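**Q** Sequence first, then the predicted structure:
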Amino acid sequence: MLKPFLLALALAAPVAAQAPYTTTTIGVAQADTMMAAAVKEAEARKLALAIVVVDEAGRIVLARRMDGALPHAFELAKRKAMTAALIRASTAAAAEGFAKGDHTLLAIDNMLPIAGGLPVKDGVKTIGAIGASGSPPATDEAVAQAGLAALRN
């Protein structure tokens, strides 16, 4: 009678010891808030940009190509957002490293070390990123920053 109990206990122990995989990611409501603020900033500057919000793994949550945005702007905005999410830092910081000779980032597909991508943080954890493209990099970053700032309000 003891053997079935021990067998059940032995089989249950590994299951009980496993912790569930959890992740924290940006939600659609947060992405909507960021997108609205970034688009408002772009419109105030009379810019036609592409803006992309991704989750912590660089997958698109929300994307918009404004009327008049250049055809390649969407791809660049997506890559900026992906880069910021995956490196957990701004693409401006990546650009600085690249300018100093650190080209390791290019070993990862679709990485883009050009300003305009910013990570979205929940405390210290990166939960996503926003990327903007279609104007000079510093202006793209300012538009992305407007989107990021909307989450703090």
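**A** Structure received. Numbers count the residues shown, from 1 in each chain.
**Q** where exactly do the strands run in this protein?
**A** Here the chain has its strands, by DSSP state E, at 50-55, 60-65, 117-122, 125-133.
**Q** pLDDT averaged over the longest one, what's the number?
**A** So that's strand 125-133. Here strand 125-133 scores 97 as its mean pLDDT.
**Q** what helices or strands is that strand leaning on?
**A** Contacts defined by 3 or more Cβ pairs under 8 Å, 6 or more residues apart in numbering; DSSP states H and E place strand 125-133 against helix 28-44, strand 50-55, helix 73-87, strand 117-122, helix 137-152. Where C-beta positions appear, they are placed from N, C-alpha and C, glycine not excepted.
**Q** Now do the buried residues in the third one.
**A** What that stands for is helix 73-87. In terms of neighbour count (16 or more other Cβ atoms under 10 Å), helix 73-87 has its buried residues at 73-74, 76-87.
**Q** what bridges to the spatially most central residue of the chain?
**A** Residue closest to the average C-alpha location in the chain (Cα atoms, centre = their mean): A129, at 2.3 Å. Assessed by DSSP bridges, A129 has beta-bridge partners V54, P119.
**Q** you'd agree it is up against P119?
**A** Yes. Under the criterion of Cβ atoms under 8 Å, A129 makes contact with P119 at 4.9 Å.
**Q** Mutual contacts of these two, please.
**A** Residues touching both A129 and P119 comprise 84-85, with contact defined as Cβ atoms under 8 Å, 6 or more residues apart in numbering.
**Q** Now do the contacts for A69.
**A** A69 touches 48-50, 134, counting by Cβ under 8 Å, 6+ apart.
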